[in-house]
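>>> what follows is a predicted protein model with its sequence.
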Amino acid sequence: MSLHILEQSQTLPLKIEEAWDFFSSPRNLDDITPPDLGFKITHLPGERMYEGQIITYKVKVAPAVWVPWVTEIKAVDEGKSFVDEQRFGPYKFWHHRHTFEAVEGGVLMNDLVHYALPFGPIGSIAHAVFVKAKLRRIFGFRREMLEKRFGKV
């Protein structure tokens with residue numbers, strides 16, 4: 001299994017409490033996810049995330065091909081960080097740590113994603129051909145939407 005890493009940092013002109021308020025609501029994922037991904041929350045027990053929360057989605061992995069995605073909020077350090085992990089879905093492994101740090105002019109947000117694809121060598125080829133680029137595009141879109149919504153530092 002090849003483990004891949006995606007990292008992204010972004011500073012937004014927000015107080016840490018404002019950033020936490022936005023990111024601790026899983027519903028806001030809709031606003032910062034590219035529409036062509038077809039990302040749909042199908043079950044959300046509670047409007048604020050909490051440790052142990054199970055959230056289910058549908059995502060479009062190819063035209064007309066939808067797959068279920070089940071994640072668990074594994075850890076929450078209120079106002080500082082949270083971790084979501086895939087339980088079932090398109091990845092063989094998915095661990096996403098979000099951190100928030102007050103800095104001059106706003107809040108520094110960091111995403112650290114460790115992920116692996118299924119299907120052995122075929123998954124490795126898929127990663128090289130399109131998955132890596134698709135994830136970078138998704139996180140690039142997220143960056144743009146956050147800047148449009150909150151501004152730039």
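Nice, I can see it. Numbering: from 1, shown residues only.

>>> quick one: the strands in this structure?
4-12, 40-43, 54-62, 65-77, 81-88, 93-103, 106-116 (DSSP state E).

>>> with just CA atoms, put the helix of greatest length in the chain into CSV.
Identified as the longest helix of the chain according to DSSP state H is helix 132-150. Output of helix 132-150 as CSV, limited to C-alpha atoms (Å, rounded to 0.1, in the frame of the first residue of the first chain):
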residue,chain,number,x,y,z
LYS,A,132,-3.5,13.3,-7.1
ALA,A,133,-4.5,16.1,-9.5
LYS,A,134,-8.2,15.8,-8.5
LEU,A,135,-7.4,16.1,-4.8
ARG,A,136,-5.1,19.2,-5.5
ARG,A,137,-8.0,20.7,-7.5
ILE,A,138,-10.5,20.1,-4.7
PHE,A,139,-8.2,21.7,-2.1
GLY,A,140,-7.4,24.5,-4.5
PHE,A,141,-11.1,25.1,-5.0
ARG,A,142,-11.5,25.1,-1.2
ARG,A,143,-8.8,27.7,-0.9
GLU,A,144,-10.5,30.0,-3.5
MET,A,145,-13.9,29.7,-1.9
LEU,A,146,-12.6,30.5,1.6
GLU,A,147,-10.8,33.6,0.2
LYS,A,148,-14.0,34.7,-1.6
ARG,A,149,-16.0,34.2,1.6
PHE,A,150,-13.6,35.6,4.2
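
>>> tell me the angle that helix makes with strand 54-62.
Interaxial angle, helix 132-150 versus strand 54-62 (axes from the mean of the first three to the mean of the last three C-alpha atoms, to 10 degrees): 120 degrees.

>>> with that, I have no additional questions.
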